[in-house]
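Enquirer: quick one: sequence and predicted model below, then my questions.
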Amino acid sequence: MERLRRTVVQLEEAKRFIMDGEVARLRLAIILLDNAVEVILHRRVSDTLQRANIYARMLQRFPEGRLAGKGGALRQEIAAKTIPQARQKKVARFFGEKLTLLSEDGELPAATARALRHLHGYRNELQHHDHVRPGS
């Protein structure tokens, strides 16, 4: 509950900064919004990766070779829900990979993922390069 409260406070502060309309406060609003999105994505992706690892452990316990009846189909179904370790590392590290994973899974609409990717890129310009686009 405390994590949710912190996120709500961030969003409320971002709204207050946006309503003020001053460029420096708008800059802070974007940083706050992007951070809230990153935290939410991190939580969601952590759950997804944890579930994928459970499926990977289940798959390791499956008998080798051909399986009779529905066993082969079940093995394929479980394998489809696993995520290779190399991809998991990328997803854990990169914002864009988190968006891609969640949009591939259907948990995040593609249009939303594109908008969040754009917001994050703009936040990087603001935060790392102090570049403000007045028209934005």
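Expert: Nice, I can see it. Numbering: from 1, shown residues only.
Enquirer: give the contact list for R43.
Expert: Contact analysis of R43 by CB atoms under 8 Å, 6 or more residues apart in numbering lists R3. (Glycine included, C-beta is placed from N, CA and C.)
Enquirer: and it, how far is that from T7?
Expert: 10 Å (CB to CB, to the nearest Å).
Enquirer: ok, Q50 next?
Expert: Distance of Q50 to T7, computed by CB to CB: 20 Å.
Enquirer: the more surrounded of those two?
Expert: Taking other CB atoms under 10 Å, Q50 and T7 do not tie; T7 has more neighbours (16 against 9).
Enquirer: now do the more buried one, the pLDDT please.
Expert: pLDDT for T7: 91.
Enquirer: what helix or strand is it located in?
Expert: Assessed by DSSP states H and E, T7 sits inside helix 2-20.
Enquirer: name the surrounding residues that touch that helix.
Expert: Outside helix 2-20, the residues touching it (CB under 8 Å, 6+ apart) are R25, L26, L28, A29, I30, L32, L33, N35, A36, V39, I40, R43.
Enquirer: can you tell me which helix or strand of the chain has the lowest average pLDDT?
Expert: When the helices and strands of the chain are scored by mean pLDDT, DSSP states H and E, helix 71-80 comes last with a mean of 80.
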